[in-house]
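Asker: No letters, just coordinates:
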């Protein structure tokens, strides 16, 4: 009969200690670009866990308080390749006066703010996992934390990160709503499209015959535009329509903006081209003009099923008795940007739900399992490389 292998490090994860730590971190006010209080906490906590650290100056590109934090902890075996864990320090608003409430094994806010499980749960789990590694005494390689700022508005901190400061090349990011065990191997390409539609402004009573409504030109284009689910790999959306001055003025200009996501760069480009061409045709038909600008958000990633990162997750999940499953997502995360900049990583689920809303929550079980899986990953990473 097969003997069930367990993770010695994961067994040292202290559930009460992790829960208390998450509740403490969740209450720290740190919305996007205002992460200094979170950084101050980490400045004290990380050295106690054996980390050295430094900040980059990414925040100077967007008026933030503090840059990305890169922390390093020597392993017991320097022959093992370093492994990083990444998450973001910011949350969405509102967070002022955040008051976590526990009901039936699930952590909520009191309904007046978000909870901030996205992604303080990962941060708390990482810190507790390191404590468990230390207390268990298991051998391990070097560990790096890559903690970004200003993630929520569009992965901004990671985009401006000084990647020369990162020593590791492979790692994990717990930042998905799937239960612990979810392993996301594939993420999308994403770009925004901005269409500045021009007609001719005029007063409805004084010179209406000179008017050419930019709203009606835009409507003509939108009616002909393929949006929503384009195919199984591609999504398209119009999310901004902005223009007009007064109810008595025929609008001469309107901004129409949208976003396309696809696992295929070719399909992404095709959809963006279609959206621009349709609006251009509508403008020409109605005697207007349109200026089109494409703004890249991030590139896609695709980690093989036989990659050591994938195999390590599957083995580590098995050792903590969690079901591992492989999937893909059209959602974006820092994973996209880090992969684009040469850091191979995949996204893992930690089970937060209803993020960016007052209904945000996370089960205590998923929180604790995030800490246990993080510890097990560090332990299994060592085992896999020693086998190799």
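Answerer: Received it, and whenever you're ready, just let me know what you need. No experiment lies behind these values; they were computed from the predicted model shown.

Asker: drop to CA atoms for contacts and neighbour counts, all remaining ones
Answerer: OK.

Asker: So what does the residue nearest in space to the middle of the chain look like in phi/psi?
Answerer: With distances taken as CA atoms, centre = their mean, the residue of the chain nearest its centroid is residue 333 (2.7 Å). With angles defined as degrees, to the nearest 10, residue 333 sits at phi -150, psi 170.

Asker: from memory it sits against residue 172, does it?
Answerer: No - here residue 333 does not reach residue 172: they are 11.5 Å apart, not a contact under CA atoms under 8 Å.

Asker: Pull up the overlap in contacts between these two.
Answerer: Among the neighbours of residue 333, those also in contact with residue 172 (CA atoms under 8 Å, 6 or more residues apart in numbering) are residue 347.

Asker: tell me how far stretch 88-99 is from the chain's mean position?
Answerer: 15 Å (CA atoms, centre = their mean, to the nearest Å).

Asker: The longest helix anywhere in the chain packs against which elements?
Answerer: Longest helix of the chain, by residue count under DSSP state H: helix 364-387. Under the contact criterion of 3 or more CA pairs under 8 Å, 6 or more residues apart in numbering; DSSP states H and E, helix 364-387 touches helix 8-11, helix 15-26, helix 117-136, helix 308-319.

Asker: and residue 327, what does it touch?
Answerer: Applying CA under 8 Å, 6+ apart, the residues near residue 327 are 182-186.

Asker: In strands only, show me these.
Answerer: Among the contacts of residue 327, the members found in strands (DSSP state E) are 182-186.

Asker: quick one on the thing from earlier: ignoring the adjacent residues along the chain, who's closest to the residue nearest to the centre of the chain?
Answerer: residue 155 (6.7 Å; CA to CA, 6 or more residues apart in numbering).

Asker: Phi and psi next, for the one you found.
Answerer: Torsion angles, degrees, to the nearest 10, at residue 155: phi 60, psi 40.

Asker: and for stretch 157-166, what are the contacting residues?
Answerer: Counting by CA under 8 Å, 6+ apart, 56-59, 61, 67-68, 70, 146, 148-151, 334, 337-338, 341 sit against stretch 157-166.

Asker: From the opening residue of it to its closing one, how far?
Answerer: Stretch 157-166 has an end-to-end distance of 14 Å (CA to CA, to the nearest Å).

Asker: That stretch: which residues count as buried?
Answerer: 157-163, 166 (16 or more other CA atoms under 10 Å).

Asker: distance between that stretch and the chain's centre?
Answerer: Using CA atoms, centre = their mean, the offset of stretch 157-166 from its chain centre is 15 Å.

Asker: what ranges do the strands span in the stretch 101-250 of the chain?
Answerer: For the stretch 101-250 of the chain, the strands defined by DSSP state E, counting those that start in this stretch cover 101-103, 106-108, 143-148, 170-174, 182-187, 189-198, 202-203, 228-231, 234-243, 249-250.

Asker: which stretch among the ones you listed comes nearest residue 307?
Answerer: In terms of CA to CA, the element of the strands of the stretch 101-250 of the chain nearest to residue 307 is strand 182-187, at 9.9 Å.

Asker: Quick check: buried residues in that closest one?
Answerer: 182-187.

Asker: export those residues to a markdown table and tack on distance to residue 209 and pLDDT?
Answerer: Shown next, in a markdown table, are those (distance: CA to CA, whole Å; pLDDT from 0 to 100):
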| residue | distance to residue 209 | pLDDT |
| --- | --- | --- |
| 182 | 60 | 98 |
| 183 | 60 | 98 |
| 184 | 56 | 98 |
| 185 | 57 | 98 |
| 186 | 53 | 97 |
| 187 | 50 | 97 |
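
Asker: Around residue 301, count how many other residues there are.
Answerer: 23 (other CA atoms under 10 Å).

Asker: So which of the contacts of stretch 157-166 are in strands?
Answerer: Short answer: the contacts of stretch 157-166 in strands (DSSP E) are 70, 146, 148.

Asker: Spatially nearest residue to the first one, not counting backbone neighbours?
Answerer: Translated: residue 70. Closest to residue 70 by CA to CA, 6+ apart is residue 146, at 4.8 Å.

Asker: Touching, that neighbour and residue 67? I think so.
Answerer: No - Residue 146 is not in contact with residue 67 according to CA under 8 Å; the separation is 11.2 Å.

Asker: Quick one: neighbours of residue 246, just the number.
Answerer: Considering only other CA under 10 Å, residue 246 is surrounded by 9 other residues.

Asker: and it, how far is that from residue 203?
Answerer: 9 Å.
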